[in-house]
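Colleague: using only what follows, build the 3D model:
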Amino acid sequence: MNLERFGGERGAVLADHADREALDALAAARGWNRIDARPPGFSELGRQVWRAGDTAQIVYLESPELGARVVCVVGDEAEPAEEVFAAVTAVLPTVPVDEILAGLLAEPMAGPRDLVRGLNRLMAADMPALASGGRRPEDPRYRQVVERLAGHPERQVRRALLSVAAGMAAVRPELAEPILARRDEETELGDLMDAFAGAVEARR
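Modeller: Have a look, this model is predicted:
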């Protein structure tokens, strides 16, 4: 499904303990019609979409690849979309982007597993924007994360950073520069770095 740009759009990463059945129950109680339902595949997003009358659509996305889930509400006008989003997040616990960024920038630095998890969640937070193709406003904290982790001693963290930066390139192209600045120093992941550089060049 291609999400268009609407007057109101809100999205959030779901906490691990969020129960999607609570969203099913809310949709049934409010009379929202399910208009799309696709199970997740190995590299395919799972999705559930409901229509809340003529005011908004509720989109639930699940990414097995990222190990993350997102809920997004879009509508022609901001106020009805905000009301629906508030109802959804009242039954589904979420992880604010500010919290994700804080975890990635925390001192002392988190362990590799938590850093990879945070990077994946950061990309998941942009899934609605990636679906709609809309560029996100620049936030200096994203660049700080990239600059901090681009030289991380653990290969798995740098691999995750390359993957996330490549996946977010359409909505946050400014993240490419600090990664490419280390191209000559990245010897373990040279092939991935070359592929990343080629993709960046192709977009220019």
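Colleague: distance of the residue most central in space within the chain from residue 48?
Modeller: By C-alpha atoms, centre = their mean, the chain has its centre lying nearest to residue 124, at 1.9 Å. Distance of residue 124 to residue 48, given as C-beta to C-beta, to the nearest Å: 16 Å. Every residue, glycine included, has its C-beta placed from N, CA and C.
Colleague: that older thread, what's the nearest residue to the residue nearest to the centre of the chain if we skip its chain neighbours?
Modeller: Counting by C-beta to C-beta, 6 or more residues apart in numbering, residue 124 lies nearest to residue 68, which is 3.6 Å off, once chain neighbours are set aside.
Colleague: domain ranges for this structure?
Modeller: Using automatic domain parsing, the domains assigned to the chain come out as 8-95, 97-203.
Colleague: now these in CSV, with mean pLDDT?
Modeller: Formatted as CSV, those follow (pLDDT from 0 to 100):
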stretch, mean pLDDT
domain 8-95, 92
domain 97-203, 94
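Colleague: what does residue 45 show for phi and psi?
Modeller: Phi and psi for residue 45, reported as degrees, to the nearest 10, are phi -70, psi 130.
Colleague: correction: the previous question concerned residue 138.
Modeller: phi -70, psi 140.
Colleague: then residue 57?
Modeller: The phi/psi pair for residue 57 (degrees, to the nearest 10) is phi -120, psi 140.
Colleague: what's the burial count for it?
Modeller: Residue 57 is flanked by 22 other residues according to other C-beta atoms under 10 Å.
Colleague: got it, and residue 19?
Modeller: Using other C-beta under 10 Å, residue 19 has 12 neighbouring residues.
Colleague: quickly note the distance from it to residue 184.
Modeller: 48 Å.
Colleague: ok, now residue 69?
Modeller: Distance from residue 69 to residue 184, counting by C-beta to C-beta: 38 Å.
Colleague: tell me the contacts of residue 151?
Modeller: 158, 182, 185 (C-beta atoms under 8 Å, 6 or more residues apart in numbering).
Colleague: who wins on neighbours among those residues?
Modeller: With neighbours taken as other C-beta under 10 Å, the top of the contacts of residue 151 is residue 158, carrying 22 neighbours.
Colleague: helix or strand for that residue, which one?
Modeller: When elements are assigned from DSSP states H and E, residue 158 belongs to helix 155-167.
Colleague: what of residue 148?
Modeller: Per DSSP H and E: helix 140-149 holds residue 148.
Colleague: equivalent analysis for residue 49, please.
Modeller: strand 46-52.
Colleague: got it, and residue 129?
Modeller: Residue 129 belongs to helix 127-132, assigned by DSSP H and E.
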